[in-house]
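[1] Below are the sequence and a predicted model for it; my questions follow.
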Amino acid sequence: MKFNLLHTDSETSARCGRLRTAHGDVLTPIFMPVGTAATVKGVFHRDLEQEVGAEIILGNTYHLYLRPGVETLEAAGGLHRFSSWSKPILTDSGGYQVFSLAASRKLSDEGCLFQSHIDGSRHLFTPESVVDVQRSIGADVIMALDECPSGTAEYGYAKKSLALTQRWLERGVSRFDATAPKYGFEQMFFPIVQGCVYPDLRRAAAEHAAALSRDGYAIGGLAVGEPAEQMYRMVELVNQILPADKPRYLMGVGTPENLLEAIALGVDMFDCVMPTRNGRNGMLFTSQGTINIRNQKWGRDFSPIDAAAHTFVDTTYSKAYLRHLFVANEMLGAQIASLHNLGFYLWLVREARAHIAAGTFAAWKQSMVKKVSSRI
């Protein structure tokens, strides 16, 4: 496994590269569709590969641990075989879900005791156990257990939370280094840089993570309630510290505008449920702006969903037809919208790569931000 920088932009911190994994190469910057419970909702793997152009997807440790469970995944030979997905998979540690979904939780140095949102049963995630679970899942990229405080957390809490995350990280690194993959292929381990919106905490977290010399690094705890400008400042600060020759993953972000701004700050990898979640609710992201397809104005618009025609759905179906499906509550509408939105996100990062390589990224990004942040 190796990360190679291929091009850097002369006017911004944007870069493009190649991340080599046991299940194939990933060209960055990249967006990872979210397959929380071993599925990207409503989208066939065939379409993820052939139409969307997905190179890597994300699975969620919390959900997969609870259902179908580690024993089932091990019996299947790992998540790749269980779900029939042959390309790379990244799993988060489940920490965010523990803190956002669990009915009750208790944090300690040992780990996090939580109650399942499914049946109320109690479970303990430790820095060691989440490494073991992700080994069993068979992810190409494994994340460290962390606590994700809200974007408006007070300084005292954020500092205490970061100290706990750093102690957990050191234990997670030790466990990863002391264990081996279960299915015969190499896996990577990414620390998660926390610190809320406080520069001194973010700086300390980035320095601590960088000193551990891992395969790549994630930036967590952003897009959780803080203003976008604060998020960008934290990303810029952290990326000035993290190694330039390792991939940088901004977790859970975000809108097309967020992606473009973060790419300009040197981020390589993204994931977010927004393309599929918003798509199921009739919100479409396009190269000209955001569309609420339920609006009456699209009822007689027989033009393609997006003139740029990023996937087959863009040339096959019109806005009027898609609106009809949503108004009629037909499930195909949610499928088409999800596939379109994912196709648009992957198109956007491919365009970013092309412009970085061509030396035209800065001007293109400025133009695209105006377009994608508008409503039409």
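    Looks like it came in fine.
[2] just for the chain, where's the confidence low?
    Residues of the chain that meet the criterion pLDDT under 70 lie in 102-103.
[3] Tell me who's in contact with the most centrally placed residue in it.
    Taking CA atoms, centre = their mean as the criterion, residue 271 is the residue nearest the geometric centre of the chain, at 1.8 Å. By CB atoms under 8 Å, 6 or more residues apart in numbering, the residues touching residue 271 are 31-34, 58, 90, 249, 251-252. Heads up, the C-betas are built off the backbone N, CA and C, glycines and all.
[4] Keep only those of those residues that are in strands.
    Cross-referencing the contacts of residue 271 against strands under DSSP state E gives 31-32, 58, 90, 249.
[5] and which of the residues you listed is nearest to residue 340?
    Within the ones in strands among the contacts of residue 271, distances to residue 340 taken as CB to CB reach their minimum at residue 31, with 14.1 Å.
[6] Number of residues surrounding the closest one?
    Burial of residue 31 is recorded as 28 neighbouring residues (other CB atoms under 10 Å).
[7] The one 10 residues further on too?
    If you count neighbours by other CB under 10 Å, residue 41 ends up with 17.
[8] Is the closest residue to it other than its chain neighbours within a helix or a strand, and which one?
    What sits nearest to residue 41 in space, not counting adjacent residues and going by CB to CB, 6 or more residues apart in numbering, is residue 276, at 5.2 Å. Under the criterion DSSP states H and E, the helix or strand holding residue 276 is helix 274-280.
[9] longest helix in this protein, by residue count?
    When every helix of the chain is counted residue by residue (DSSP state H), the longest turns out to be helix 331-358.
[10] moving C-terminal of it, what's the next helix or strand?
    Criterion used, DSSP H and E; the element after helix 331-358 is helix 361-372.
[11] Give the other helices and strands that that next one contacts.
    Contacts of helix 361-372 with other secondary structure elements, assessed using 3 or more CB pairs under 8 Å, 6 or more residues apart in numbering; DSSP states H and E, are made with helix 256-264, strand 289-292, helix 331-358.
[12] Let me know which of the ones you listed is tucked in deepest.
    Highest mean neighbour count among these (mean count of other CB atoms under 10 Å): helix 256-264, with a mean of 24.
[13] Which other helices and strands does it contact?
    Checked by 3+ CB pairs under 8 Å, 6+ apart, helix 256-264 has helix 228-239, helix 331-358, helix 361-372 packed alongside it.
[14] I'd like to know which of those helices is closest to residue 199.
    Closest to residue 199 of the helices and strands packed on helix 256-264, according to CB to CB: helix 228-239, at 5.8 Å.
[15] need the helices for the stretch 101-250 of the chain, in chain order.
    Counting by DSSP state H, counting those that start in this stretch, the stretch 101-250 of the chain forms helices over residues 127-137, 155-178, 199-211, 228-239, given from the N-terminal end onward.
[16] can I get the ones you listed in a markdown table with distance to residue 339 and mean neighbour count?
    Shown next, in a markdown table, are the helices of the stretch 101-250 of the chain (distance: least, CB to CB, whole Å; neighbours: other CB atoms under 10 Å):
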| stretch | distance to residue 339 | mean neighbour count |
| --- | --- | --- |
| helix 127-137 | 25 | 23 |
| helix 155-178 | 35 | 18 |
| helix 199-211 | 36 | 18 |
| helix 228-239 | 27 | 19 |
